[in-house]
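K.L.:
this one's structure only:
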């Protein structure tokens, strides 16, 4: 344990850097995006051209993930506006893998999260530039560093029986956005072509809607998952998100 102490301390410091926008920050204003959820989930998807998303990102020194986060921020702002609420900045929790390689002796999940503050108002490309700058800064922390802090904290809450209460009442993030890079070439199963892959996740706690993104064979699939009772206007949100993507990609 002693030889590993410097690396552990470095990961803890990295975790503080990765989460510095959340630790000590005031709780977010209440919105209808964060209310108690039930057991039901509904899913809708959007399919985009991956090359167009790549081109839009490269034109602004941004990634496909930056483009996705920018579009989600704008869509959430307009959704709340339709609900009679005002929210100009959104905190999106972006999970990522901290694993660089796998070996037989070191398996299991190695993941972390980065809370990204995403503007919902302003010119779309100005917002994209801001998101790209925020994600570049967040990536300076060691991969998976946030787990060094969040892991023990969440395990303690679970042992005390407080974890579910915490995630059902939290006001530190608005939603989750998971983005995975899938195969670039089409796959087949027993000779049958796989024409599409749809990513599915389920929002937890008081997060009423979340987003899963997966690239596959030149396409980009974005799935919106929501509690249909807490987010009855999911189809409206999909339309708003489609509009945001159309503005950014063309």
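P.N.:
That came through fine. The shown structure was predicted, so the numbers you read here are calculated from the model rather than taken from an experiment.

K.L.:
Now do the buried residues in the longest helix belonging to the chain.
P.N.:
Among all segments of the chain classified by DSSP state H, the helix with the greatest residue count is helix 64-82. Taking 16 or more other Cβ atoms under 10 Å as the basis for neighbour counts, the residues of helix 64-82 that come out buried are 64-80. For every residue, glycine as well, the C-beta is placed using N, CA and C.

K.L.:
For it, name the packing helices and strands.
P.N.:
Here helix 64-82 touches helix 50-58, strand 89-97, strand 111-119, helix 124-138, strand 175-181, strand 209-216, helix 234-249, going by 3 or more Cβ pairs under 8 Å, 6 or more residues apart in numbering; DSSP states H and E.

K.L.:
what's stretch 62-72 in contact with?
P.N.:
50, 53-54, 56-57, 60, 90, 92, 94, 116, 118, 124, 127-129, 131-132, 135, 175, 177, 179, 211, 213, 215, 220, 222, 241, 244-245, 248-249 (Cβ atoms under 8 Å, 6 or more residues apart in numbering).

K.L.:
Measure how far that stretch is from the centre of its chain, please.
P.N.:
Put simply, stretch 62-72 sits 10 Å off its chain's centre (Cα atoms, centre = their mean, to the nearest Å).

K.L.:
cool, and stretch 64-82?
P.N.:
Relative to where its chain is centred, stretch 64-82 has its mean C-alpha point 12 Å off (Cα atoms, centre = their mean).

K.L.:
Need the mean per-residue confidence for it.
P.N.:
Per-region confidence: stretch 64-82 scores 98 on mean pLDDT.

K.L.:
Tell me what angle the longest helix of the chain forms with strand 209-216.
P.N.:
Here the directions of helix 64-82 and strand 209-216 differ by 150 degrees (axes from the mean of the first three to the mean of the last three Cα atoms, to 10 degrees).

K.L.:
gap between residue 83 and residue 76?
P.N.:
Counting by Cβ to Cβ, to the nearest Å, the gap between residue 83 and residue 76 amounts to 11 Å.

K.L.:
same check, this time on residue 242
P.N.:
Using Cβ to Cβ, we find residue 242 at a distance of 14 Å from residue 76.

K.L.:
Equivalent analysis for residue 31, please.
P.N.:
9 Å.

K.L.:
so what's in contact with these two at the same time?
P.N.:
Counting by Cβ under 8 Å, 6+ apart, the common neighbours of residue 31 and residue 76 are 87, 174.

K.L.:
So residue 211 sits against residue 222, correct?
P.N.:
Yes: counting by Cβ atoms under 8 Å, residue 211 sits close enough to residue 222 to count as a contact (6.4 Å).

K.L.:
list the contacts for the residue most central in space within the chain?
P.N.:
Nearest to the mean C-alpha position of the chain, by Cα atoms, centre = their mean, lies residue 177 at 1.9 Å. Residues near residue 177 by Cβ under 8 Å, 6+ apart: 68-69, 72, 92-94, 210-213.

K.L.:
Mind putting these into TSV with distance to residue 184?
P.N.:
Conversion of those to TSV gives the following (distance: Cβ to Cβ, whole Å):
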residue	distance to residue 184
68	18
69	22
72	24
92	26
93	27
94	22
210	25
211	22
212	19
213	15
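
K.L.:
residue ranges with poor pLDDT in the chain?
P.N.:
Counting by pLDDT under 70, the chain contains low-confidence residues at 1-2, 4-27, 97-111, 141-154, 156-158, 161-164, 166-167.
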